[in-house]
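> Have a look at this prediction, sequence included:
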Number of protein chains: 2
Amino acid sequence: MTDVHTTNALRLLQVADDFRAGLSGEFSAVHGISVNEFLLLLHLERSAANRLPRVDLARRMHVSASTITRMAAPMEKIGLIDREVDKRDARLVFVVATHAGRAKLSEALSTFSKRAGYLFGDRCEDEEMDQFASMLRRLMAGTGDTLA
Amino acid sequence: MTDVHTTNALRLLQVADDFRAGLSGEFSAVHGISVNEFLLLLHLERSAANRLPRVDLARRMHVSASTITRMAAPMEKIGLIDREVDKRDARLVFVVATHAGRAKLSEALSTFSKRAGYLFGDRCEDEEMDQFASMLRRLMAGTGDTLA
DNA sequence: GCAATACGCTTGCATATGCAAGCGATTCGC
DNA sequence: GCGAATCGCTTGCATATGCAAGCGTATTGC
């Protein structure tokens, strides 16, 4: 715990939790979606063909396949996403964002950016932000598919 | 999203989620506790008098008071924590770690440190770690009571 | 002092999530 | 080719968590 690595890992978790907690409130109040629903839409948007099989979403989001099934159902019902069955492999059910889904993502992303601005804004120099970005990019090295 | 702040916030969430997911598996397998139970014990250890009222734990951990009540019950049952009612204010129920609780925390902390080592270890120079630490400390500025 | 308010904790209900089993589709071994 | 194993998805059950209401305690306004 006096170890720098340990300290940094603890701080990393704490800062991320704080940020996520703040987001969570504003997202549900302003956009009517959860942080995880936002991240689901974002993963779609940043994927190769703007669509992903459910199992891929699960891996990227660190949740189980059943969670994706259950998150997708209401999002489909309110028209944020749609389903596409693969013609080659009928097991694959792609999730694809609808126009409404992309619009929702766009709104939510602007809230996200605003809060990111609050987080870093007046505390950090531009140069520091670049170093921070480079650091985080390296930490994501093991993680195959990333959002940023 | 081309905004550096936004990118960094996304990466922050992603790295933290990855790390937490990895921890979660090893904690439940090796130590038989969840990440949140670990954090609860850690908050106690790092608090002023090694004990905290339930409502304080809730604030620090970004969970509701009812979650603390429900997390504490089984931890009390297996002897990791104990309860102490305040003599001045009978509403306050302090949570205090038992000897077994501190031992468990110590074991779990070594697992935590090991994984923190994996995360940063071979990817970062010492100097970078210090910059990273300073950055994260500033990002925690708003957060009153911190773990690190 | 006493009523009204605020506070800390707990509990009922609703939602979210993981695990394991089940189902249908595909691929592999031979 | 065909049975066995694998894979993707869904569903039943158990656990975790938040919100709102309830309960008992303390503080405040007067």
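On my side now, so go ahead.
> quick one, the worst-scoring helix or strand of chain A on mean pLDDT and helix B:126-139 angle?
Among the helices and strands of chain A, helix A:126-139 carries the lowest confidence by mean pLDDT, DSSP states H and E, at a mean of 91. For helix A:126-139 against helix B:126-139, the angle by axes from the mean of the first three to the mean of the last three Cα atoms, to 10 degrees is 110 degrees.
> Could you check the pLDDT of the residue most central in space within chain A?
For chain A, the residue lying nearest the average C-alpha position, counting by Cα atoms, centre = their mean, turns out to be A:L39 (2.7 Å). Reading off the confidence values, A:L39 has pLDDT 98.
> hang on, it in a strand?
No - checked against DSSP: H, G, I helix; E, B strand; the rest coil, A:L39 lies outside a strand; its state is helix.
> tell me the contacts of the closest residue to it other than its chain neighbours?
The spatially closest residue to A:L39, leaving aside those adjacent along the chain, is A:M61, at 6.1 Å (Cβ to Cβ, 6 or more residues apart in numbering or on different chains). Placement of C-beta: from N, CA and C, glycine included. For A:M61, the residues meeting the contact criterion (Cβ atoms under 8 Å, 6 or more residues apart in numbering or on different chains) are A:N36, A:L39, A:L40, A:H43, A:T67, A:I68.
> So for A:M61, what pLDDT did the model give?
96.
> Also A:N8?
With respect to pLDDT, A:N8 scores 96.
> likewise A:G144?
Per the predicted model, pLDDT is 69 at A:G144.
> How about A:A148?
At A:A148, the predicted lDDT confidence score is 80.
> In this model B:H5 seems to touch it, though I could be wrong.
No - contact status for A:A148 versus B:H5: not in contact, 11.1 Å apart, counting by Cβ atoms under 8 Å.
> related to what we said a few turns ago, which strands and helices sit next to the least confident helix or strand of chain A?
Contact partners of helix A:126-139 among helices and strands, from 3 or more Cβ pairs under 8 Å, 6 or more residues apart in numbering or on different chains; DSSP states H and E: helix B:4-26, helix B:126-139.
> Could you point out which of these sits nearest A:Q131?
With Cβ to Cβ as the criterion, A:Q131 lies closest to helix B:126-139 of these, at 6.2 Å.
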